[in-house]
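Engineer: Got a sequence here, can you build the structure:
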Amino acid sequence: MLVLAGPGSGKTAVITQRIRYLVEERHITPSDILTITFTKAAALEMKQRACQICQSAERAVFGTFHSIFFQIIRSSSKFQKYSIMTEQQKLQILRPLLKEKKLDSVQMASFCEQFLTDLSFYKNTGRERESSVSIDKKEKELQQKGELYKSEAEAEQMQLYELRKAYEKSCRQRWLLDFDDILLECHRLLTEDAGLCDRWQRRFRYILIDEFQDTNDVQYQIIKLLSANYKNLFVVGDDDQAIYSFRGADPSYMHRFLEDFPQSRQVNLNINYRCGDRILTLAARSIVHNKNRFEKEIEAGNTGENRVIAACFQNRTEELSFLTEEILTHRNAKQTAILVRTNRMAELVAEACFSRQIPYCMREKKQDFYAQKCIREVLAVLRFVAEGRKRSDFMAFMNRPMRYISRELLQQETVDLQALLQSCREDALLYQAVQKLQKDLAMVERLDPFGAISYIRKVMLYDSCLSPGETGEKERQALDELLERCREFHSHKAFLSHIETYRKELEQEDGRKQFEADPGNAEQNLVQIMTYHGSKGLEFDTVFLPFLNSGDVPHGRNLSVMELEEERRLFYVAVTRAKKSLYLSCEGRVQGENRQSVFWTELKDYLESLEPSSISSSNST
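Structural biologist: Next up, the predicted model:
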């Protein structure tokens, strides 16, 4: 049976009642029932709720895909020595293999994260991620430069292959498997060892699966093998909430299910007991633009008062000011969440809450935005003119772009620009470069932070120093964001002081997960800041969805049809976290360019139909 269960429709209750029905009314032995979820927390909750309505459910088996499949491979003598590796162990194995790359700490962390993400995708799908090393893109870039592009692109791909090979070898030498290895080895064992496969096919008579839309190919093939004997497979999911394609998940297996099991039934749960009718109407009007989905009509079971507030702003500073003011004015913080598309946006919101002294917590680990190399170099210019002309600050930017200023000219802890100018008077080109730098720094000192950073980038030509290709584009985006972060500050000292205080806060509260880790913190009324992905499965009275701008939501440019549909599903998930109040905000027209997200544009007719009292904005939709 395939159960299509939309947001707030009670899918957990359906699974637990199914277990009760099998045990109490069909007299199935509880230990013959297997319930699979995607997270350990979900498995524990499922078991607790099942036991509340059926005491015998204590003897049923609950687990994640990985925990169940790990039991299967450990039942083979080949894998009895193996254990599951931690994230820290992955890094301990990978970092020594990257010595030749000579990466700084920030670059190392970024590379390791990207490598492990791409490797996971490759193991789950058998193909490369488009966002990883793209041969076609690399070839095109090199061809434009008139170089022998093919051999270089192939060499880069070969280096990636060799790195993967060395990494996997090191893992096996330590008897370690990662989560993706568990799936691959389980599938291999079940297909190659007929005796082991038969034993596990007879082990469970009834298999129930939660969040089936997040299944990837390997998981689906294993489930087909395990259920082949009894064919009692009960899956619950919502293709409109499939948001993990970057892990290899594919909602098309929900359609495949009906083809692979032609005798199966389909049941729709079409009442949403969470969202108010206005919020649900907005969500439905958005998701209907996706074509590759099961058609469904969702009704609101929540008849209480609810509202949708839409607002456009001239810039991000105004938008964040509105958001924080609304929270301070109307907050019931235990039930308030700010949901954003990326971790970087989460950090931006966290910084705004910090500035307004709004208590908050973040699910995702915080990264130090100001630790990025390009940000450090630009801020070094501000620090130099505002904090005593330190030699260390000057050295960070003196040759960005190249001015051929030698360190040997800087003998003191502070830099006297006039003395430096005199010391290089015999070198006409160097003298001219230092003279211009002196004038530029004088201008930077007179401007406010926003004007100064714009001047550093455009007039002092810092943007010309950025890396080529995709890396340079990320650096450019980071500098654009720096401009937004400094907009409300009127002096360099105020902005730099804010950064220092915020970074100290980061050190003290690294990776805030207080509301999960410490139940006592539930009473502290913390606004919860998280990404759309992180909000899956949660609900809040009030939800803010800021930054609904083109390029931000949906995230990226020139998306394929499939990518755009997944981004719209992500937006749908975020919208349907709200029970009573939903705030949507974006930038309107910036320098003549329409910045509104395509999702905002798709909903414009509905947003404009709201009563005037439901719309707050400085530039109303």
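
Engineer: CA atoms for contacts and neighbours, from now on please.
Structural biologist: Fine.

Engineer: remind me which residues of this structure are low pLDDT?
Structural biologist: 106, 129-153, 156, 331-334, 364-366, 508-524, 590-592, 609-621 (pLDDT under 70).

Engineer: Scan it for its longest strand.
Structural biologist: Of all segments of type strand in the chain, defined using DSSP state E, the longest is strand 578-587.

Engineer: Does anything pack onto that one? Which helices or strands?
Structural biologist: If you count contacts as 3 or more C-alpha pairs under 8 Å, 6 or more residues apart in numbering; DSSP states H and E, strand 578-587 packs onto helix 277-287, strand 307-313, helix 316-330, strand 540-545.

Engineer: how does it look with 6 Å?
Structural biologist: If contacts are counted by 3 or more C-alpha pairs under 6 Å, 6 or more residues apart in numbering; DSSP states H and E, strand 578-587 sits against strand 307-313, strand 540-545.

Engineer: Strand partners (parallel or antiparallel) of that strand?
Structural biologist: strand 307-313 (parallel), strand 540-545 (parallel) (DSSP bridges).

Engineer: Run the chain-centre distance for that strand.
Structural biologist: 20 Å (C-alpha atoms, centre = their mean, to the nearest Å).

Engineer: Let me see the ranges of the strands in the stretch 251-400 of the chain.
Structural biologist: Assignment of strands within the stretch 251-400 of the chain using DSSP state E, counting those that start in this stretch yields the ranges 266-269, 271-272, 299-300, 307-313, 336-340, 360-362.

Engineer: Can you check which of these gets nearest to residue 534?
Structural biologist: strand 336-340 (8.7 Å; C-alpha to C-alpha).

Engineer: Turn the strands of the stretch 251-400 of the chain into a markdown table, columns for distance to residue 386.
Structural biologist: Below are these laid out as a markdown table (distance: least, C-alpha to C-alpha, whole Å):
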| stretch | distance to residue 386 |
| --- | --- |
| strand 266-269 | 62 |
| strand 271-272 | 56 |
| strand 299-300 | 57 |
| strand 307-313 | 31 |
| strand 336-340 | 34 |
| strand 360-362 | 31 |
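
Engineer: okay, these, which one's buried deepest?
Structural biologist: Mean neighbour count (mean count of other C-alpha atoms under 10 Å) peaks for strand 336-340 among the strands of the stretch 251-400 of the chain, with a mean of 26.

Engineer: Neighbouring strands of that strand in the sheet, and parallel or not?
Structural biologist: Strand 336-340 has these strand partners (DSSP bridges): strand 527-531 (parallel), strand 540-545 (parallel).

Engineer: could you redo these as JSON lines and give each row mean neighbour count and distance to residue 307?
Structural biologist: Formatted as JSON lines, the strands paired with strand 336-340 follow (neighbours: other C-alpha atoms under 10 Å; distance: least, C-alpha to C-alpha, whole Å):
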{"stretch": "strand 527-531", "mean neighbour count": "24", "distance to residue 307": "19"}
{"stretch": "strand 540-545", "mean neighbour count": "23", "distance to residue 307": "10"}
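
Engineer: on that earlier part again, with distance to residue 71 added, can I get the strands paired with strand 578-587 in TSV?
Structural biologist: As requested, the strands paired with strand 578-587 are exported to TSV (distance: least, C-alpha to C-alpha, whole Å):
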stretch	distance to residue 71
strand 307-313	47
strand 540-545	37
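
Engineer: Which one, of those, ends up nearest to residue 430?
Structural biologist: Here strand 307-313 is closest among the strands paired with strand 578-587 (C-alpha to C-alpha), at 45.7 Å.
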